[in-house]
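S.K.: pasting the structure only:
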């Protein structure tokens with residue numbers, strides 16, 4: 001095979017694009033298990049190298065989630081999909097090292113996403129709510145434990161001798177309890193900053209800055225009865241299905257606004273709008289083009305106006321420097 005010839009390797013759990021030139025080796029990997037088939041990467045890809053394969057739905061339930069396909073002849077290994085994927089499903093390597101060329105070349109910004117845990121507020125009776133509730137198993141609570149021994153008595157009947165024998169045969173049960181929470185570790189490779197842990201924590205010990213903000217609602221008039229696919233596809237469980245009410249339930253507080261639920265639902269049954277993407281300051285035409293595709297025109301106009309005002313403010317301050 002000639003150098004510079006792009007290759008696609010489609011495995012059960014991974015989709016890999018590779019290209020080797022004289023000086024560089026490129027590799028873009030999509031983890032199919034992490035990918036939910038949302039629309040973000042396909043929207044922003046500057047060369048339209050990524051496309052969606054529709055989900056399979058049967059009787060309102062998701063049989064197979066939407067899939068991302070890739071055209072190796074179109075991919076330029078810019079890494080824009082890596083930056084904006086909400087689920088860390090993409091990895092890009094150049095010469096074996098993880099990198100994002102579009103960030104290195106200042107064509108794309110780094111997104112602002114943060115999570116802070118105040119361990120001093122963590123109290124043992126929380127029942128490890130953040131760890132247990134995390135949809136991505138990204139939280140590990142380190143704690144000191146103690147063993148409590150309790151007795152389980154047998155019901156003693158009969159003679160005094162038989163009762164004494166029963167008492168000697170009492171079963172002792174060991175119960176592991178949390179004595180003290182020492183640390184809360186966050187796996188940044190797994191964390192999506194969905195903020196579900198913020199709402200699960202009973203003691204307000206966690207703060208999260210989500211990289212994408214937006215609005216989402218369900219138009220129940222257009223949503224068919226017994227339709228569960230939107231809940232099935234949601235990785236953060238911001239949408240769940242209530243069996244008793246035969247109705248989808250929305251918790252928009254930990255929605256990542258990826259659009260996967262909208263893709264599998266009837267047209268206009270889910271209304272989603274991305275209003276803001278938090279990112280480091282950058283002046284880039286490529287980034288502005290991506291924003292045009294991701295957020296509403298009104299919100300884009302606001303961002304561009306703020307950038308212009310900041311630039312004017314910077315010029316004024318610079319002109320005053322002797």
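M.R.: Done, it's in. Remember, it's a predicted structure, so these values are computed and weren't measured experimentally. Numbering: from 1, shown residues only.
S.K.: can we go C-alpha only for contacts and neighbour counts from here?
M.R.: Noted.
S.K.: Without its sequence neighbours, what residue ends up closest to residue 242?
M.R.: Leaving aside its sequence neighbours, residue 242 sits nearest to residue 248 (C-alpha to C-alpha, 6 or more residues apart in numbering; 6.0 Å).
S.K.: Name the next helix or strand following the host helix or strand of that neighbour along the chain.
M.R.: Element membership for residue 248 (DSSP states H and E) is strand 247-250. Next in sequence after strand 247-250, counting helices and strands by DSSP H and E, comes helix 260-264.
S.K.: What's the separation between the residue nearest in space to the middle of the chain and residue 211?
M.R.: Nearest residue to the geometric centre of the chain (C-alpha atoms, centre = their mean): residue 192, 3.1 Å. Per C-alpha to C-alpha, to the nearest Å, residue 192 is found 9 Å from residue 211.
S.K.: With residue 180 instead?
M.R.: Distance from residue 180 to residue 211, by C-alpha to C-alpha: 32 Å.
S.K.: neighbour-wise, which of the two wins?
M.R.: residue 211 (20 against 15; other C-alpha atoms under 10 Å).
S.K.: ok, that one - contacts?
M.R.: Going by C-alpha atoms under 8 Å, 6 or more residues apart in numbering, residue 211 touches 111, 112, 113, 193, 277, 278, 279.
S.K.: Show me which pair in those is furthest apart.
M.R.: 193 and 279 (14.2 Å; C-alpha to C-alpha).
S.K.: So for the two, which residue has more residues nearby?
M.R.: The residue with more neighbours, out of residue 193 and residue 279, is residue 193; 25 against 14, by other C-alpha under 10 Å.
S.K.: Just to be sure, residue 306 is in a helix?
M.R.: Yes. Checked against DSSP: H, G, I helix; E, B strand; the rest coil, residue 306 lies within a helix.
S.K.: show me what contacts the closest residue in space to residue 55 that isn't next to it in sequence?
M.R.: In space, and not counting its chain neighbours, residue 55 is closest to residue 66: 4.1 Å by C-alpha to C-alpha, 6+ apart. Residue 66 makes contact with 36, 37, 38, 52, 53, 54, 55, 56, 260, 264 under the criterion C-alpha under 8 Å, 6+ apart.
S.K.: how deep is the first one tucked in, by neighbour count?
M.R.: The tally of other residues near residue 36 (other C-alpha under 10 Å) stands at 22.
S.K.: Need the pLDDT of it.
M.R.: Among the per-residue scores, residue 36 shows a pLDDT of 96.
S.K.: Residue 245 versus that one, what's the distance?
M.R.: 26 Å.
S.K.: what does the fourth one give?
M.R.: As judged by C-alpha to C-alpha, residue 52 and residue 245 stand 32 Å apart.
S.K.: Between those two, which has more neighbouring residues?
M.R.: residue 52 (16 against 9).
S.K.: what sits against that one?
M.R.: Contacts of residue 52 (C-alpha under 8 Å, 6+ apart): 37, 39, 42, 66, 67, 68, 69.
S.K.: let's see it at 6 Å
M.R.: 67, 68 (C-alpha atoms under 6 Å, 6 or more residues apart in numbering).
S.K.: How about residue 35?
M.R.: residue 89.
S.K.: remind me which residues of the stretch 101-250 of the chain are low pLDDT?
M.R.: Residues of the stretch 101-250 of the chain meeting the criterion pLDDT under 70: 148-174.
S.K.: What are the buried residues along the host helix or strand of residue 177?
M.R.: Secondary structure from DSSP H and E places residue 177 in strand 171-186. Judged by neighbour count using 16 or more other C-alpha atoms under 10 Å, the buried positions of strand 171-186 are 178, 181, 183, 184, 186.
S.K.: Between all of the residues you listed, which two are separated the most?
M.R.: Taking C-alpha to C-alpha, no two of the buried residues of strand 171-186 sit farther apart than 178 and 186, at 19.4 Å.
S.K.: Against residue 87, how distant is residue 16?
M.R.: With C-alpha to C-alpha as the criterion, residue 16 and residue 87 are 17 Å apart.
S.K.: So between the two, which is more surrounded?
M.R.: residue 87 (23 against 19).
S.K.: Report the rounded mean pLDDT for stretch 58-72.
M.R.: Mean predicted lDDT for stretch 58-72 stands at 96.
S.K.: Now do the buried residues in that stretch.
M.R.: By neighbour count on 16+ other C-alpha under 10 Å, the buried set for stretch 58-72 is 60, 61, 62, 65, 66, 67, 68, 69, 70, 72.
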